[in-house]
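Colleague: the following comprises the amino acid sequence and a computationally predicted model.
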Amino acid sequence: VQDIIKGKKVIVIDDSIVRGTTSRKIVKMIRSAGAAEVHTLISAPPTDYPCYYGIDTPTRKELISSSHTVEEIRKYVTADSLGYLSVEGMMKAVGAEKCDFCRACFSGDYPVEFPVLSPEAQLGLFNKE
């Protein structure tokens, strides 16, 4: 891999950045292989809100884009550039002129209201017999 990457400009395309740790590791691995530049493109909008429908993100504090700018995230993952697909671009890409699917993790507009529970209360739901 090093022979292919060394001295090249590399573009990494990923589906999302949730916490930022995976993107950071990937960029560092590509840089250590000798890439001259590493640019990261994300094929979804920033995930600013937790998903209560099965994704393991119970609170906003776990989501890097909920409290950091794109530039701050770029610096954290150590990429030369970072770009996200816009919500409008995502809707156009899937052919959804009207919103006919959930996008609460991007907007915070949930189709079903959820009670606000502390992490301890959430865990308690699994410990009941």
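Modeller: Thanks, I have it.
Colleague: show the average pLDDT along the top helix by length along the chain.
Modeller: Ranked by residue count and defined by DSSP state H, the top helix of the chain is helix 21-32. With pLDDT averaged residue by residue, helix 21-32 scores 98.
Colleague: which stretches of this protein form strands?
Modeller: Counting by DSSP state E, residue ranges of the strands within the chain are 9-14, 37-42, 81-84.
Colleague: list the contacts of the spatially most central residue of the chain.
Modeller: Most central residue of the chain, judged by C-alpha distance to the mean C-alpha position with Cα atoms, centre = their mean, is I17 at 2.2 Å. Taking Cβ atoms under 8 Å, 6 or more residues apart in numbering as the criterion, I17 is in contact with 23, 42, 46-47, 64-65, 73, 77. C-betas here are computed from N, CA, C, even on glycine.
Colleague: and the two most separated of the residues you listed?
Modeller: The most widely separated members of the contacts of I17, counting by Cβ to Cβ, are T47 and V77 (14.3 Å).
Colleague: CA atoms only: put stretch 59-68 into PDB for me.
Modeller: Listed next in PDB are the C-alpha coordinates belonging to stretch 59-68 (Å, rounded to 0.1, in the frame of the first residue of the first chain):
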ATOM      1  CA  THR A  59     -26.600  11.600  24.000                       C
ATOM      2  CA  ARG A  60     -25.500  14.600  21.900                       C
ATOM      3  CA  LYS A  61     -22.200  14.900  23.900                       C
ATOM      4  CA  GLU A  62     -21.000  11.700  22.100                       C
ATOM      5  CA  LEU A  63     -21.500  13.300  18.700                       C
ATOM      6  CA  ILE A  64     -18.500  15.400  17.600                       C
ATOM      7  CA  SER A  65     -20.400  17.600  15.200                       C
ATOM      8  CA  SER A  66     -22.900  18.600  17.900                       C
ATOM      9  CA  SER A  67     -20.300  20.700  19.700                       C
ATOM     10  CA  HIS A  68     -17.600  21.300  17.100                       C
END
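Colleague: run through who's touching the longest helix of the chain.
Modeller: When contacts are defined by Cβ under 8 Å, 6+ apart, helix 21-32 is touched by residues 5, 10, 12, 14, 17, 38, 40, 76-79.
Colleague: of the residues you listed, buried ones?
Modeller: By neighbour count, with 16 or more other Cβ atoms under 10 Å, the contacts of helix 21-32 hold 5, 10, 12, 17, 38, 40, 76-77, 79 as buried.
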